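Trainee: can't give you the sequence, but here's the structure:
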């Protein structure tokens, strides 16, 4: 009887060990095949940057499960730098200044963990109004305007630009609105102008052009050049035309900055490689989803963003397709 019990115990233990090993093997196999989960910070729902995040998540869903979350231009840089999110969409101005701890980031630590994956479309500084008397930025004394929602670069850029024509913060009023609210406020003449970085084409400007007309207030070449010199991450551009129905006086010079996809330096090369490949391999589809990418040259995906480094995973892919510029 005792021998039988001992034999039974040994048999049961053997079965338990065998089952445990088998289950562990299956668990390891499942874990090894799991798709990594990551976060990408974009902008408010309905804006181009949010659409980019959602579109990109579809391109790479077999290799990365991306949660798309709203964010802000400067906030995204800080959150990615602290690795609270793996990816973010911001602007070249915010990325360069955050990396060096300048302008908006002067009272913060330098955000040196940021790495670039790709540069994308241009945002143009285009103050738009429906007041026929306002034609140049030196006429903005006593005006009320919006520079978009808090957390973006438009407000500090507007303040700096207006300082070139001897206007201080006491000479005008800035009221924060999101972009759709700002358009309605402009239509109803609750504000005098909307001062924000805008991609082209721009649906909000197109709507304003159709409904109330309007004009782009002239910045002046000298002021635009000075702004590019004083604020990192900007490019000098000359526009030939604006949104349909919105007039501009030629020659029209302004400054632009680019949307930029960023990541943290410690995000794996594999995950960043997947994101880079997702953009490059689906570049035409990206243009179909985002109108302002249709005329964007694929060669400009890798463009200099000050001295902020590119992530090794992105560099690896760009090298494979012959796109490394520097």
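Mentor: Happy to help now that I have it. What you are looking at is a predicted structure, and each value in this text was computed from that prediction instead of being measured.
Trainee: where do the helices of the protein begin and end?
Mentor: 2-32, 48-59, 73-81, 92-100, 154-163, 179-187, 203-211, 221-230, 269-281, 283-289, 312-320 (DSSP state H).
Trainee: winner for burial among those?
Mentor: Ranked by mean neighbour count, those are led by helix 92-100 with a mean of 27 (mean count of other Cβ atoms under 10 Å). Using the backbone N, CA and C atoms, a C-beta is placed for each residue, glycine as well.
Trainee: what is that helix packed up against?
Mentor: Contacts defined by 3 or more Cβ pairs under 8 Å, 6 or more residues apart in numbering; DSSP states H and E place helix 92-100 against helix 73-81, strand 114-125, strand 252-264.
Trainee: ok, which of the helices of the chain comes nearest residue 261?
Mentor: Shortest distance between residue 261 and the helices of the chain, using Cβ to Cβ, is found for helix 269-281: 7.2 Å.
Trainee: now the closest one, how far from the centre of its chain.
Mentor: Distance of helix 269-281 from the chain centroid (Cα atoms, centre = their mean, to the nearest Å) equals 17 Å.
Trainee: avg pLDDT for stretch 187-207?
Mentor: For stretch 187-207, the mean pLDDT works out to 87.
Trainee: show me what counts as buried in that stretch.
Mentor: Within stretch 187-207, the residues scored as buried using 16 or more other Cβ atoms under 10 Å are 191-200, 202-207.
Trainee: can you give me the end-to-end distance of stretch 284-299?
Mentor: Stretch 284-299 has its terminal residues 13 Å apart, counting by Cα to Cα, to the nearest Å.
Trainee: for residue 304, find the nearest of the helices of the chain.
Mentor: With Cβ to Cβ as the measure, helix 92-100 is the member of the helices of the chain nearest residue 304 (9.2 Å).
Trainee: mean confidence for the closest one?
Mentor: So the average pLDDT for helix 92-100 ends up being 94.
Trainee: run through who's touching it.
Mentor: 73-74, 76-78, 81, 103-105, 110-112, 114, 116, 119, 153, 157, 231-234, 257-258, 260, 262, 305-308 (Cβ atoms under 8 Å, 6 or more residues apart in numbering).
Trainee: need the helices and strands packed on helix 92-100 in a markdown table (columns: mean pLDDT and distance to residue 245).
Mentor: Putting these into a markdown table (pLDDT from 0 to 100; distance: least, Cβ to Cβ, whole Å) gives the following:
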| stretch | mean pLDDT | distance to residue 245 |
| --- | --- | --- |
| helix 73-81 | 94 | 27 |
| strand 114-125 | 93 | 17 |
| strand 252-264 | 95 | 16 |
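Trainee: residue 39: which of those is closest?
Mentor: So among those, helix 73-81 is nearest, using Cβ to Cβ, at 8.9 Å.
Trainee: by contact count, what packs against the closest one?
Mentor: Where contact means 3+ Cβ pairs under 8 Å, 6+ apart, helix 73-81 is packed against strand 37-41, strand 87-91, helix 92-100, strand 114-125, strand 252-264.
Trainee: give me the angle between that helix and helix 92-100.
Mentor: 50 degrees (axes from the mean of the first three to the mean of the last three Cα atoms, to 10 degrees).
Trainee: centre of the chain to helix 73-81, how far?
Mentor: 10 Å.
Trainee: what's the angle from it to helix 48-59?
Mentor: Interaxial angle, helix 73-81 versus helix 48-59 (the same axes, to 10 degrees): 40 degrees.
Trainee: contacts for helix 73-81, please.
Mentor: Outside helix 73-81, the residues that touch it by Cβ under 8 Å, 6+ apart are 41-43, 71, 85-91, 94-95, 98, 104-105, 108, 111-114, 151-153, 262-264.
Trainee: mind listing what residue 283 touches?
Mentor: 298, 301.
Trainee: for residue 202, see how far away it is.
Mentor: Remark: distance between residue 283 and residue 202 (Cβ to Cβ, to the nearest Å) = 21 Å.
Trainee: check what pLDDT the residue nearest to residue 39 when sequence neighbours are not counted gets.
Mentor: Nearest non-adjacent residue to residue 39, counting by Cβ to Cβ, 6 or more residues apart in numbering: residue 85, 4.1 Å away. Per-residue confidence (pLDDT) for residue 85: 96.
Trainee: so residue 85 touches residue 53, yeah?
Mentor: No - in this structure residue 85 lies outside contact range of residue 53 using Cβ atoms under 8 Å: 10.9 Å.
Trainee: what do these two both touch?
Mentor: Counting by Cβ under 8 Å, 6+ apart, the shared contacts of residue 85 and residue 53 are 40, 41.
Trainee: thought residue 262 was touching residue 83, still the case?
Mentor: No - if you go by Cβ under 8 Å, residue 83 and residue 262 don't touch, sitting 11.8 Å apart.
Trainee: and those two? Which one has more around it.
Mentor: residue 262 (30 against 13; other Cβ atoms under 10 Å).
Trainee: so what's the more buried one bridging to?
Mentor: residue 88, residue 116 (DSSP bridges).
Trainee: residue contacts, it?
Mentor: Residue 262 makes contact with 76, 77, 80, 87, 88, 89, 90, 95, 114, 115, 116, 117, according to Cβ under 8 Å, 6+ apart.
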